[in-house]
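Visitor: predicted model and sequence below, questions to follow.
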Amino acid sequence: MSFLKVFATLASIAILAPVSAINAHDSTEHTLEAARVDAMQETTLGFLATLTDEQRAIVMASLEDSTTRTNWSNLPVSMAPRSGMAVAEMTVAQRRAFHAMLASAFSSQGYLKTTTSFWHEDVLQEIVANMIAAMPDGDPRKARSLAIIENYDSEKFFVSVFSDPNSKDWGWTVTGHHYAANFTVADGKIAFMPLFLGANPQIVPEGRYAGWRILQHEADRAFALIKSLETSQLQAAVVSDAVDDDVFAGPGNSGALDEPVGIRASSLDPLQLRLLNGVIDEYLGDASDEAAARQSQAIEDDGLDTLYFAWWGPTDNPAARYMFRVHGPSILIDYVRERSADGGYNHVHSIARDPSNDYGAEWLKIHYEEAHRE
């Protein structure tokens, strides 16, 4: 049973559970997590073994290399060059090994979201190509579109591996347009944040994939929660009737979010707590069961009084520009709708972070300074 379901039951009889004395990132599932770490180690070593010496030199970096470790962005690659080796440069055998590495770290849900993010770049390329074909030669948008369309490519995702997977501390990053995954293994423990997922268009408007939806359940779960709130609760949860452009916890903005805003989870009724649990589970569920269980335990140990839900923008229009946040000492989730080419907001950015342990920094006792990238 996940932590908010437990707390929902307790809240119904007005009992507040004591905060555990166990360290927030210790796990009781050591055997399962050890098996997961072994699988991740095996597949990462397997991927590295497929590389040439020259490729391995491009892929490998130190865990203490803050510049390379935090060199991810949601921007197109030409606007924010990435470190590491591109999928485009991989042989068939290397691609197979690369995907084995991904699959060993993610849940089936997380792996599917990852591969969908890769695939979606080819869908975006086709949409932009059709737009270009319909533009007259004198349209200034045509030259700009031609300059950027090459970025939209399922092969323009880059992988870096940090330190030797045979050691007790190591990790890897995969990043490209609208995507960044950061996994860290520290003395047998798995951290999986920051994890950035985005999509433009969020709902494919035309063509053979018309109607396909990316990152839909994240939004649906949050809307279910916001609709359940009573008037006084809404007043606490809604920070502003418009989205603040500077709030989203993207690269370079992790340290600007120390003070949570919105409504405390302890102010929610049992049903609303279950709905909030659904939002959190959607994000934790992208990682393996073992990594998700560790993170869930950390959030539970923090307590309901430290966990907040906040909203910016309209609460009655899923197609409008809005943003929601879940924020506590061990979790920060942001989801925002951004401007899209059709003049609407069919474009989303979503991120999950751990304010106390991004990149496994707390376990590693390493400070990572992120460069600001949109």
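Guide: Arrived safely, thanks for sending.

Visitor: hey, let's count contacts and neighbours off CA atoms from now on
Guide: Fine.

Visitor: mind listing what's buried along stretch 51-67?
Guide: Residues of stretch 51-67 classed as buried: 51, 56, 58-61, 63-64, 66 (neighbour count, 16 or more other C-alpha atoms under 10 Å).

Visitor: of these, which belong to strands?
Guide: Counting by DSSP state E, these place 60-61 in strands.

Visitor: number of nearby residues for Glu218?
Guide: 17 (other C-alpha atoms under 10 Å).

Visitor: go on, Val92?
Guide: So Val92, with other C-alpha under 10 Å, has 10 neighbours.

Visitor: again with the one 10 residues further on
Guide: A count of nearby residues for Leu102, using other C-alpha under 10 Å, gives 21.

Visitor: quick one: contacts for the residue nearest to it when sequence neighbours are not counted?
Guide: In space, Leu102 comes closest to Tyr111 once its chain neighbours are excluded; the distance is 6.8 Å by C-alpha to C-alpha, 6 or more residues apart in numbering. Counting by C-alpha atoms under 8 Å, 6 or more residues apart in numbering, Tyr111 touches 102-103, 286.

Visitor: now distance to Leu215, pLDDT and secondary structure too, for those, in JSON lines please.
Guide: What follows is these, written out as JSON lines (distance: C-alpha to C-alpha, whole Å; pLDDT from 0 to 100; DSSP: H, G, I helix; E, B strand; the rest coil):
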{"residue": "Leu102", "distance to Leu215": "19", "pLDDT": "98", "secondary structure": "helix"}
{"residue": "Ala103", "distance to Leu215": "19", "pLDDT": "98", "secondary structure": "helix"}
{"residue": "Asp286", "distance to Leu215": "12", "pLDDT": "98", "secondary structure": "coil"}
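
Visitor: tell me where the protein has strands.
Guide: So, for the chain - with DSSP E - the strands run 60-61, 85-86, 157-162, 169-176, 179-186, 189-191, 195-199, 238-240, 263-264, 308-312, 323-328, 331-337, 348-353.

Visitor: Glu362 and Ala186: what is the separation?
Guide: 10 Å (C-alpha to C-alpha, to the nearest Å).

Visitor: over to Pro136?
Guide: Distance, Pro136 to Ala186, by C-alpha to C-alpha: 55 Å.

Visitor: show me which of these two is the more surrounded one.
Guide: When neighbours are counted by other C-alpha under 10 Å, Pro136 and Ala186 differ, and Ala186 comes out ahead with 20 against 10.

Visitor: low pLDDT regions in the chain?
Guide: Residue ranges of the chain with pLDDT under 70: 1-29, 254-257, 372-374.

Visitor: swap in 80 and give it another go.
Guide: Counting by pLDDT under 80, the chain has low-confidence residues at 1-29, 254-258, 371-374.

Visitor: what bridges to Thr184?
Guide: Gly171, Ala191 (DSSP bridges).
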